[in-house]
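[1] Need a 3D model of the following:
(2 chains)
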Amino acid sequence: MKEVLKVVDLKKSYGKNEVLKGVSFSINENEIKVIIGPSGGGKSTLLYCINFLTKPNSGKIFLDGVELTSPNVDLPKMREKIGFVFQHFNLFMHLDAYNNVLMGLVRVKKMKLNEAKEIAENSLNLVGIDKKLWNLYPAQLSGGQQQRVAIARAIAMDPRIILFDEPTSALDVELIGEVLKAIKNLALKGMTMLLVTHEIEFAKDIANEIMFLDNGVIIDKGTPEEMILNPKNERIKKFLGIITKEKENV
Amino acid sequence: MKIFDFSIFSNLDAIKYILTGIFNTIFLTFAGIGIGFICGSLLTFGEVYLPSPLNSIFRLLGEIIRGIPLTVLFLILYLGVNLGALTSAIVGLGIRSAAYQSQIFRSSLEAIPQGQLLAALSIGLKKSEVFLYILLPQAIKIMIPSWSNEFITLLKDTSIAFVLGITEIMTRAELISRAIGRYFEIYIFIAIIYFIMVRGSNYLLNLIYEKNKIPGLGERG
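    Numbers count the residues shown, from 1 in each chain, chains lettered A, B, ... in the order given. Predicted coordinates:
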């Protein structure tokens, strides 16, 4: 199996606050890994460091064997291969849904318009964005629709892996399902993915492996069965207890 | 003697003389806004993109210019630097407008949520492309209302070029009213002309705004 992403001893501090204290893991092609853990544990920082939206202090990151952390790497070229889906969607507000997806194809991949349009349309279809929404602007779309457009924007670039940073936590409860469904669709297509999420049920359903990140380190990892159904680690048990309680209160 | 004597408006030569000043007013407005646009962009670039402490020099420069009354600025250029009257007027209006336009540009750039820049980088755009395709188009749309205000302010402030003797509407009105001995009617007359020019500009700028605003934005709280 081909290794897509490899992270070795990644560290990141903000001033004296060490957010990542040496994180290592790797993801193979077609694999889906989910990171769970309490807020402030470093999950988002880890994702942001992987495509250098935040610069890590030390450690190594490899994409398809090419070192991203090397000083002479072509960063935009590497980021092109790493899709990123943000918690707050971050669509380009001055462009309609269609052009949000088209942007990277035309400006980064320098594709011919006809070719780019076909890919953009396929991507929007894949995430279930109906044709009548294509010419609406982000501010005219619901959160769930915006996030699905953001996913389409990421997959249109044909990335090697997509990173999801809590893709549903900014959404109203009734909109979460449509976004999870879109992600599930990608999983069925064999997309390699790394997700940070609090949707434990979804994680259990979709992940090949779940990693528990707390206090800047991966405390434990394993299959969903090991991690969710029979967690041995006390901190994971406690965390899952809290999450389940929150769900029941909703 | 009547309070308001309409008969002076039958002096068509005088009226024509004043109205011809509109060309100078419009010329000064566009020269000022144009120079202000170019220099204001440079100021903004310096303030936002140069490393400190260089950026603070640009910020300070803007603050100083905004702190000087236009009349004083004109006289510094005219009597101090010894520029010609017209040059002093154009340069004075231009650099003052630059100081205000740079603020408009900066706040428009800063109004764009940081997340969009991260998203743009994440799909592989270079920093310069992020500026060109994401920041700039949005900043332009965002700044139209405050830029319109600056345009209107500048249009009205061309009348201060009166102190330099530039023959725009204000100066011409002053000359005529002194010649015929009636001030009230003539100043009311040019007040109306300024009002019409302001309303007209507002109307056109608002059309541009409506045509360019981002659909849906700002409509939902």
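
[2] Going by residue numbers, what spans are helices in the chain?
    Here I'm looking at chain A. With DSSP state H as the definition, chain A shows helices at residue ranges A:43-50, A:75-79, A:97-103, A:113-126, A:143-156, A:173-188, A:200-206, A:224, A:234-249.

[3] Switch to chain B, please.
    So, for chain B - with DSSP H - the helices run B:12-49, B:54-66, B:70-75, B:85-110, B:114-122, B:127-130, B:136-157, B:169-180, B:184-212.

[4] A:A120: which of those helices is closest?
    Closest of those to A:A120 is helix B:114-122, at 15.9 Å (criterion: Cβ to Cβ). Where you see a C-beta, it was placed from the backbone N, CA and C, and this is true even at glycine.

[5] Averaged pLDDT, the closest one. What do you get?
    For helix B:114-122, the mean pLDDT works out to 96.

[6] Tell me if I'm right that A:Y137 and B:K141 touch.
    No - counting by Cβ atoms under 8 Å, A:Y137 stays clear of B:K141, with 11.5 Å between them.

[7] Between those two, which contacts overlap?
    Contact criterion Cβ atoms under 8 Å, 6 or more residues apart in numbering or on different chains; residues shared by A:Y137 and B:K141: A:94, B:214.

[8] So which residues make contact with stretch A:164-178?
    With contact meaning Cβ under 8 Å, 6+ apart, stretch A:164-178 is reached by A:43-44, A:47-48, A:84-89, A:128, A:142-145, A:147-148, A:151, A:179-180, A:183, A:193-199, A:250.

[9] Run through chain B and note the low-pLDDT ranges.
    B:1-2, B:218-221 (pLDDT under 70).

[10] and it, which residues reach chain A?
    B:112-113, B:115-116, B:118-126, B:129, B:133-134, B:137-138, B:141, B:214-220 (Cβ under 8 Å from any Cβ of the partner chain).

[11] Show me the shaky parts of chain A.
    Where chain A drops to pLDDT under 70, the residues are A:249-250.

[12] Enumerate the residues of chain A near chain B.
    A:51, A:53, A:76-77, A:79-80, A:82-84, A:86, A:88-94, A:96, A:103-104, A:107-108, A:136-140, A:150, A:153-154, A:157.

[13] Give me the buried subset of these.
    A:51, A:53, A:76, A:79-80, A:82-84, A:86, A:88-94, A:96, A:103-104, A:107-108, A:136-138, A:140, A:150, A:153-154, A:157 (16 or more other Cβ atoms under 10 Å in any protein chain shown).

[14] So which residue is dead centre in chain A?
    Centroid check for chain A by Cα atoms, centre = their mean gives A:F164 as the closest residue, at 1.4 Å.

[15] ok, back up a step: buried ones among the residues of chain B next to chain A?
    Looks like the residues of chain B next to chain A have B:112, B:116, B:118-126, B:129, B:133-134, B:137-138, B:141, B:214, B:217 buried, using 16+ other Cβ under 10 Å.

[16] Can you name the residues that contact the nearest residue to B:R59 once chain neighbours are set aside?
    Leaving aside its sequence neighbours, B:R59 sits nearest to B:E47 (Cβ to Cβ, 6 or more residues apart in numbering or on different chains; 5.1 Å). With contact taken as Cβ under 8 Å, 6+ apart, B:E47 is in contact with B:55, B:58-59, B:62, B:102, B:106.

[17] Pull the number of nearby residues for A:N230.
    Using other Cβ atoms under 10 Å in any protein chain shown, A:N230 is surrounded by 10 other residues.

[18] gap between it and chain B?
    36 Å (Cβ to the nearest Cβ, to the nearest Å).

[19] How about A:C49?
    Separation of A:C49 from chain B (Cβ to the nearest Cβ): 13 Å.

[20] can you give me phi and psi for the closest residue to that residue other than its chain neighbours?
    Nearest non-adjacent residue to A:C49, counting by Cβ to Cβ, 6+ apart: A:P56, 4.3 Å away. For A:P56, the backbone dihedrals (degrees, to the nearest 10) come out as phi -70, psi 160.

[21] what about A:P56, distance to A:M78?
    Distance of A:P56 to A:M78, given as Cβ to Cβ, to the nearest Å: 14 Å.

[22] More neighbours: which of these two?
    A:P56 (24 against 19).

[23] ok, B:Y209 touching B:S148?
    Yes - between B:Y209 and B:S148 there is a contact at 7.1 Å, judged by Cβ under 8 Å.

[24] So which of the two has more stuff around it?
    It is B:S148, of B:Y209 and B:S148, that has more neighbours when counted by other Cβ under 10 Å, with 18 against 14.

[25] how much space between the residue lying closest to that one once chain neighbours are set aside and chain A?
    Sequence neighbours aside, B:L205 is the residue nearest to B:S148 in space, at 3.9 Å (criterion: Cβ to Cβ, 6+ apart). Distance of B:L205 to chain A, given as Cβ to the nearest Cβ: 19 Å.

[26] what does B:N55 give?
    B:N55 is 21 Å from chain A, by Cβ to the nearest Cβ.

[27] ok, that residue touching B:L43?
    No - applying Cβ under 8 Å, one finds B:N55 not in contact with B:L43, separated by 10.3 Å.

[28] what's the distance between stretch B:29-46 and the middle of its chain?
    Averaging C-alpha positions (Cα atoms, centre = their mean, to the nearest Å) puts stretch B:29-46 9 Å from its chain's average.

[29] I would like the residues contacting that stretch, please.
    B:54-55, B:57-58, B:61-62, B:90-91, B:93-102, B:104-106, B:109, B:150-151, B:154-155, B:158.

[30] next one: stretch A:64-71
    Stretch A:64-71 is contacted by residues A:2-4, A:50-52, A:56, A:59-62, A:73, A:75, A:78, A:81, A:160 when judged by Cβ under 8 Å, 6+ apart.

[31] Contacts only, for A:R160.
    With Cβ under 8 Å, 6+ apart, A:R160 has these contacts: A:4-5, A:63-64, A:81-82, A:192.

[32] got it, and B:L73?
    B:65, B:92, B:95-96.

[33] try 10 Å this time
    Counting by Cβ atoms under 10 Å, 6 or more residues apart in numbering or on different chains, B:L73 makes contact with B:65, B:80, B:88, B:91-93, B:95-96, B:160.

[34] circling back: how far away is the residue nearest to the centre of chain A from B:Y49?
    Computed as Cβ to Cβ, the A:F164 to B:Y49 distance reads 32 Å.

[35] what does B:L86 give?
    Counting by Cβ to Cβ - B:L86 and B:Y49 are separated by 34 Å.

[36] more neighbours, those two?
    Higher neighbour count among B:L86 and B:Y49: B:L86, with 18 against 12, using other Cβ under 10 Å.

[37] show me what contacts that one?
    Listed by Cβ under 10 Å, 6+ apart, the contact partners of B:L86 are B:24, B:27-28, B:31, B:78, B:161, B:164-167.

[38] quick one: which two of the contacts of stretch A:64-71 are the most distant?
    Maximum distance among the contacts of stretch A:64-71 (Cβ to Cβ): 24.0 Å, for A:K2 and A:P56.
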